[in-house]
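One predicted model, sequence on top.
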Amino acid sequence: MSLPKIAVVGIHGHGSSHLRKVADLEDRGLARLSAVVDPREPEDAPATWFANLGDLLSAGADALPDIVVLSTPIHTHLPLARAAMEAGIDVLLEKPTTASLGEHAELVAVAERTGRLCQVGFQTFGSHALPAVVDMIAHGEVGQVTGIGAIGTWVRTAAYWARSPWAGRRRMGDRAVVDGVVTNPLAHAVATALWVGGARASTDIAYVNTDLWRANPIEADDTSSLRAVGTDGTRYGFGLTLCAAERTPARVLVLGTEGEIELEYEHDVVRLRTGRVVAEKQYGRTDLLENLLLARTGERLLCDVRDTGAFMQVLEAVRTAADPAPIGDAYVDWADGLAAAPGIAGTQGNPEGDSRHPVVHDVAEWCERAAREQRTFTELGAPWTVGS
């Protein structure tokens, strides 16, 4: 029986991690890499190289893979995934699913019309910690849930925002891009919190309040707070930044009348804190590409495109919100030896390897409060929202 053939589209940056995963599957005799697709031809291609997906799809039946992994810019997700599924190929699509809620609905329709599988790359959905947290909630470990929050305090340098033409953009021409903290780097925080609260479909979210800010010279947000309320009344609070003094593990909090659950989702660690017990446990994780292989023979997809509608409702709120407001220089320091100064935040050029990064004053504490209280930075009175 021949092994399933996998093609990876977009092999630089995060795409390289997908190549490593396929290589591991090859070593285990579960699949094989049949093609790589990227505008830049690799010096030592691990499989047949194609410059674009269209070239691969038109190369003949023998060249068609069984699965394509799409690790490409956000605004290309819908057209590439649609082309693959219409060619009879199953898809692993990197997050965020698409660049708008309308595009998400179109992608779901394509999956249903073609009968192909479309798994979205929210890796946390494969974590065994998530159902464990849901089970704790169901068994009343923290009493009645009063809110669910997510905190992400990360660091991204100037080089990160210069990595590609679409980085940090809200739009390119007439196409939505939405490459900000909420929708890309810390999208897992948002999607995981919603999953834990039972929100999957876009209809599971009643409304979203956004409070978008930026310290970097970009279009998109790099420091934001949001409140979402589910149609079941569950309140979600998000405090997210790429302008922290140091990177800390992103966390999801389940807040209850008798305690709290903390999920450090990057490491699949769950901590339970109540008046009766303090406990910690680390869980395993199922890889989404392996799960997609098994789903081709009947196993349930762990992150079906249909299950990302609630996240897409949040992305849509960010996409349609007013452009992020700049955080005033008085509330930002520039790390790496360069202090804030007139013009520093507007430096453009091509800072390859540029490790400068802005640090918003006390931003970690404000993110914590936004998540725990389900209130925005502006509602909380964060100083940059008053003085910017």
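Nice, I can see it. If you're wondering where the values come from, they're calculated on a predicted model, not measured in any experiment. Residues are numbered from 1 along each chain as shown.

from here on, contacts and neighbour counts on C-alpha atoms
Will do.

can you pull out the strands in the stretch 1-150 of the chain?
5-9, 32-37, 48-50, 67-70, 90-93, 118-120, 145-153 (DSSP state E, counting those that start in this stretch).

Ok, which of those strands comes nearest residue 311?
strand 118-120 (11.6 Å; Cα to Cα).

Report the rounded mean pLDDT for the closest one.
If you average the pLDDT over strand 118-120, you get 98.

That strand - contacts with which helices or strands?
Under the contact criterion of 3 or more Cα pairs under 8 Å, 6 or more residues apart in numbering; DSSP states H and E, strand 118-120 touches strand 90-93.

would you turn the strands of the stretch 1-150 of the chain into TSV with mean neighbour count and distance to residue 83?
As requested, these are exported to TSV (neighbours: other Cα atoms under 10 Å; distance: least, Cα to Cα, whole Å):
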stretch	mean neighbour count	distance to residue 83
strand 5-9	25	13
strand 32-37	23	14
strand 48-50	18	15
strand 67-70	28	11
strand 90-93	25	10
strand 118-120	28	12
strand 145-153	26	34
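
Okay, residue 141 and residue 235: tell me how far apart.
In this view, residue 141 and residue 235 are 19 Å apart by Cα to Cα, to the nearest Å.

Outline the domain layout of the chain.
5-124, 127-284+309-387 (automatic domain parsing).

could you dump these to JSON lines with distance to residue 301?
Output for these, formatted as JSON lines (distance: least, Cα to Cα, whole Å):
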{"stretch": "domain 5-124", "distance to residue 301": "7"}
{"stretch": "domain 127-284+309-387", "distance to residue 301": "13"}
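
Of those, which is nearest residue 292?
Evaluated over the domains of the chain, closeness to residue 292 peaks at domain 5-124, with 6.8 Å, by Cα to Cα.

just to revisit the earlier point, if you average pLDDT over each of the domains of the chain, which comes out lowest?
domain 127-284+309-387 (a mean of 93).

Can you give the distance from it to the centre of its chain?
10 Å (Cα atoms, centre = their mean, to the nearest Å).

What residues of stretch 243-255 count as buried?
243, 244, 245, 250, 251, 252, 253, 254, 255 (16 or more other Cα atoms under 10 Å).

Of the domains of the chain, which is nearest residue 295?
Nearest to residue 295, of all those, is domain 5-124, at 8.0 Å by Cα to Cα.

Over to the closest one now: how far is its first residue from its last?
25 Å.

Same question for stretch 74-92.
Using Cα to Cα, the two ends of stretch 74-92 sit 14 Å apart.

In contact with residue 15, which residues are there?
8, 9, 71 (Cα atoms under 8 Å, 6 or more residues apart in numbering).

Out of the domains of the chain, the one nearest residue 294 is which?
Comparing these by Cα to Cα, domain 5-124 comes nearest, at 10.1 Å.

what about the closest one, distance to the chain center?
Here domain 5-124 is found 17 Å from its chain centre; the criterion is Cα atoms, centre = their mean.

Tell me where the stretch 201-350 of the chain has helices.
With helices called from DSSP state H, counting those that start in this stretch, the stretch 201-350 of the chain shows them at 288-295, 309-320.

now do the stretch 1-150 of the chain
Using DSSP H, counting those that start in this stretch, helices in the stretch 1-150 of the chain cover 15-27, 53-57, 77-86, 101-114, 129-138.

Could you dump the ones you listed into JSON lines with distance to residue 226 added?
Output for the helices of the stretch 1-150 of the chain, formatted as JSON lines (distance: least, Cα to Cα, whole Å):
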{"stretch": "helix 15-27", "distance to residue 226": "30"}
{"stretch": "helix 53-57", "distance to residue 226": "36"}
{"stretch": "helix 77-86", "distance to residue 226": "25"}
{"stretch": "helix 101-114", "distance to residue 226": "17"}
{"stretch": "helix 129-138", "distance to residue 226": "22"}
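
Burial check on residue 267, number of neighbours?
17 (other Cα atoms under 10 Å).

Looking at strand pairing, list the partners for residue 175.
Here residue 175 shows beta-bridge partners residue 172, assigned using DSSP bridges.

doesn't residue 110 make contact with residue 82?
Yes: under the criterion of Cα atoms under 8 Å, residue 82 lies in contact with residue 110, with a separation of 6.4 Å.

residues in contact with the closest residue to residue 156 other than its chain neighbours?
Taking Cα to Cα, 6 or more residues apart in numbering as the measure, residue 156 lies nearest to residue 242, with 5.5 Å between them; neighbours along the chain are not counted. Contact partners of residue 242, counting by Cα under 8 Å, 6+ apart, are 152, 153, 154, 155, 156, 181, 222, 223.

what's the fifth one in contact with, if anything?
This means residue 156. 242, 243, 357.

Of all the domains of the chain, which one is nearest residue 290?
domain 5-124 (8.1 Å).

Could you check how far the residue most central in space within the chain is from residue 384?
Nearest to the mean C-alpha position of the chain, by Cα atoms, centre = their mean, lies residue 187 at 3.0 Å. To residue 384, residue 187 is 24 Å away according to Cα to Cα.

Same question for residue 85.
Taken as Cα to Cα, the span from residue 85 to residue 384 is 46 Å.

cool, residue 376 as well?
Taken as Cα to Cα, the span from residue 376 to residue 384 is 12 Å.

These two: who's more crowded?
Each of residue 376 and residue 384 has its neighbours counted (other Cα under 10 Å); residue 376 has more, 25 against 21.

what's the spacing between the more buried one and residue 166?
From residue 376 over to residue 166 (counting by Cα to Cα), the distance is 27 Å.

Now do the end-to-end distance for stretch 270-284.
By Cα to Cα, one end of stretch 270-284 lies 11 Å from the other end.

Now do the buried residues in that stretch.
Buried, per 16+ other Cα under 10 Å, within stretch 270-284: 270, 271, 272, 273, 274.

just to revisit the earlier point, and of the domains of the chain, who's closest to residue 302?
Nearest to residue 302, of the domains of the chain and by Cα to Cα, is domain 5-124 at 7.5 Å.

Skipping adjacent residues, who's closest to residue 209 in space?
Per Cα to Cα, 6+ apart, closest to residue 209 is residue 227, 5.1 Å.
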